[in-house]
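Participant: Predicted model and sequence follow; I will ask about them next.
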Amino acid sequence: MRRQRRTKIVATLGPASSDRTMIKRLFEAGADVFRINMSHTSHERMRELIAMIRSVEQEHGRPIGILVDLQGPKLRLGTFGGGSAVVAKGDTFVLDASDAPGDAGRVYLPHPEILESAKPGQTLLLDDGKVRLRCTAAEPGRLTTQVEVGGKLSDRKGVSLPDTMLPFSALAPKDRSDLEAALDAGIDWLALSFIQRPEDIAEAKKITRGRALVMAKIEKPQAVERLEEIMEASDALMVARGDLGVEMPLEKVPGIQKQITRAARRAGKPVVVATQMLESMIASPVPTRAEVSDVSIAVFEGADAIMLSAESAAGQYPVEAVATMNRIAEEVERDPTYRSVIQAQRAAPEATGADAIAAAARQIAETLDLSAIMCWTFSGSTALRVARERPQPHVVAISPNVATGRRLSLVWGVHCVIAEDAHDQDDMVERACRIAFAEGFAKAGRRVIIVAGVPLGTPGATNMLRIAFVGSDQPDA
């Protein structure tokens, strides 16, 4: 199951992709990582999906990543008498702490933290931004607003405050329960929704304790403002364009996507671009030209992964959506301009031994036209540093740790092979050459470069380069 592209594909599971046969078809069509959205999934169902993914993984002998996406704190209105009300532009509308049914003039807001934090002049968005309010007065237990964009409101519609830092954790009680269940089930990646600050990541990491890697979903203006701090605290980033486009002007989202993608590449942390990438394929077997362009832009930017949401979870053409995304990524990566764009965005290596070795491996491999960069890695850090360089030769990660292989399934260009750790340097070189040949990355007589940490099995100790001929028992250098 060797992929013909470097960019990875994340496919969300749901009603349209909830049995083993469909999961297998999605994997064979190109999915590298499966996302389970806990907004719509029970613990029992999550465990069933994980068992099916692991069964497909065993059948194909290739690590598959599992990303569990936590719901995050959901802020919602109370209820209306009759179930709904219409507010018009210019009207005064009150949100308060009374649980009496609402009407066209007021509604219950069951979130005291909002009532305490919102200030005059700040914006409140209701129902995914369809209704926009401007706060004109804030009193204890009561916000008075003016309607700037009117519309129909109904029970339990969502509330967001793009201008307000809210004093709550990104982990609601449901999220903590989901997180513990996901860790017990052996997932690989955990996505945190609606984070505002780096402390939200630290809170999740205290619970995970290394059992899964933590991905920060950037979907609030507050997270964009503190991007560098959040990126430092997290293991990966997701550009969650759906909620980002609700809380910020739509025209700003493409620029923010580039900003986040490039910042993550500089830091050497995986970045996923998500939301509405092939939205029309929910109901159509082919995407729009604009959607194809959208996916291609993310690939040209060097994003580690591109993600399907409803297209694979609830659409009529889940396999076709994955196959289409696969073809787009392959074609972009064959484009003559692709390498020049990727190279132009390459950041200077950080001042560490591991980064210097990774940069040297990429330069040597490209200068000598080597077939592959073979990374012996226990924790995955060696492969991550090499992938940060976006090298032209293939990157093959060899690890004795199956959890590492699954986590690396999200990372740009990394093909992971699970194998017993090397006994010594000669064994390391010999087996790296054999794996390169067996996996189809190098022909007999061609050369590969081997990157590793010595002593073997020491996480993060990347300090060795070796060039070797495939099919020869003796290293070339």
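Facilitator: Here it is on my side, so go on. Keep in mind that this is a model prediction, so the values were computed, not measured.
Participant: For the protein, give me the ranges with low pLDDT.
Facilitator: The model of the chain has pLDDT under 70 over residues 457-460, 472-477.
Participant: at 50 instead, please
Facilitator: Low-confidence segments of the chain, defined by pLDDT under 50, are located at 473-477.
Participant: Outline the domain layout of it.
Facilitator: Using automatic domain parsing, the domains assigned to the chain come out as 8-72+169-336, 84-160, 353-469.
Participant: could I get those domains as TSV with distance to I342?
Facilitator: (Each C-beta comes from the backbone N, C-alpha and C, glycine too.) TSV is the format used below for those (distance: least, C-beta to C-beta, whole Å):
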stretch	distance to I342
domain 8-72+169-336	5
domain 84-160	35
domain 353-469	5
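Participant: Tell me which of those lies nearest to R346.
Facilitator: domain 353-469 (6.3 Å; C-beta to C-beta).
Participant: Start and end of the closest one, how far apart?
Facilitator: Taking C-alpha to C-alpha, to the nearest Å, the first and last residues of domain 353-469 lie 25 Å apart.
Participant: what do you get for stretch 337-351?
Facilitator: End-to-end for stretch 337-351, by C-alpha to C-alpha: 30 Å.
Participant: Over to stretch 329-345?
Facilitator: 18 Å.
Participant: now swap in stretch 97-104 and tell me
Facilitator: Length of stretch 97-104, first residue to last, C-alpha to C-alpha: 16 Å.
Participant: what comes into contact with that stretch?
Facilitator: Residues outside stretch 97-104 that contact it (C-beta atoms under 8 Å, 6 or more residues apart in numbering) are 77-81, 85-87, 91, 93, 106, 108-110, 112, 115, 141-142, 153.
Participant: Number of residues surrounding Q363?
Facilitator: Residues lying near Q363 (other C-beta atoms under 10 Å) number 12.
Participant: so after whatever helix or strand it lives in, what's the next helix or strand?
Facilitator: Secondary structure from DSSP states H and E places Q363 in helix 353-367. Next helix or strand after helix 353-367 toward the C-terminus (DSSP H and E): strand 372-376.
Participant: Tell me what angle that next one forms with helix 353-367.
Facilitator: For strand 372-376 against helix 353-367, the angle between stretch directions is 160 degrees (axes from the mean of the first three to the mean of the last three C-alpha atoms, to 10 degrees).
Participant: what separates strand 372-376 from the chain centre, distance-wise?
Facilitator: Strand 372-376 has its C-alpha centroid displaced from the chain centroid by 24 Å (C-alpha atoms, centre = their mean, to the nearest Å).
Participant: repeat for stretch 277-295
Facilitator: Worked out by C-alpha atoms, centre = their mean, stretch 277-295 lies 20 Å from the chain centre.
Participant: and it, how far apart are its ends?
Facilitator: OK, stretch 277-295 end separation, C-alpha to C-alpha: 6 Å.
Participant: Over to stretch 107-115?
Facilitator: 12 Å.
Participant: before we move on, back to that, keep only those of the contacts of stretch 97-104 that are in strands.
Facilitator: Secondary structure defined by DSSP state E assigns A85, V86, V87, F93, R106, Y108, R142, L153 of the contacts of stretch 97-104 to strands.
Participant: can you redo those residues as CSV with distance to I282 and neighbour count?
Facilitator: Formatted as CSV, the ones in strands among the contacts of stretch 97-104 follow (distance: C-beta to C-beta, whole Å; neighbours: other C-beta atoms under 10 Å):
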residue, distance to I282, neighbour count
A85, 30, 19
V86, 29, 11
V87, 30, 22
F93, 33, 25
R106, 37, 20
Y108, 34, 17
R142, 41, 15
L153, 26, 20
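Participant: May I ask which two of these are separated the most?
Facilitator: For the ones in strands among the contacts of stretch 97-104, with distances taken as C-beta to C-beta, the pair at the greatest spread is V86 and R142 (21.6 Å).
Participant: could you pull out the helices for the stretch 101-250 of the chain?
Facilitator: Secondary structure of the stretch 101-250 of the chain (DSSP state H, counting those that start in this stretch): helices located at 112-117, 173-185, 198-208, 221-225, 227-233, 241-247.
Participant: Dump these into CSV; add distance to M52 and mean neighbour count as well.
Facilitator: CSV is the format used below for those (distance: least, C-beta to C-beta, whole Å; neighbours: other C-beta atoms under 10 Å):
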stretch, distance to M52, mean neighbour count
helix 112-117, 39, 15
helix 173-185, 12, 17
helix 198-208, 23, 17
helix 221-225, 33, 19
helix 227-233, 32, 17
helix 241-247, 27, 20
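Participant: I'd like these written out as JSON lines, with distance to S312 added.
Facilitator: As requested, the helices of the stretch 101-250 of the chain are exported to JSON lines (distance: least, C-beta to C-beta, whole Å):
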{"stretch": "helix 112-117", "distance to S312": "34"}
{"stretch": "helix 173-185", "distance to S312": "20"}
{"stretch": "helix 198-208", "distance to S312": "25"}
{"stretch": "helix 221-225", "distance to S312": "26"}
{"stretch": "helix 227-233", "distance to S312": "27"}
{"stretch": "helix 241-247", "distance to S312": "15"}
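Participant: Nice, that's everything, thank you.
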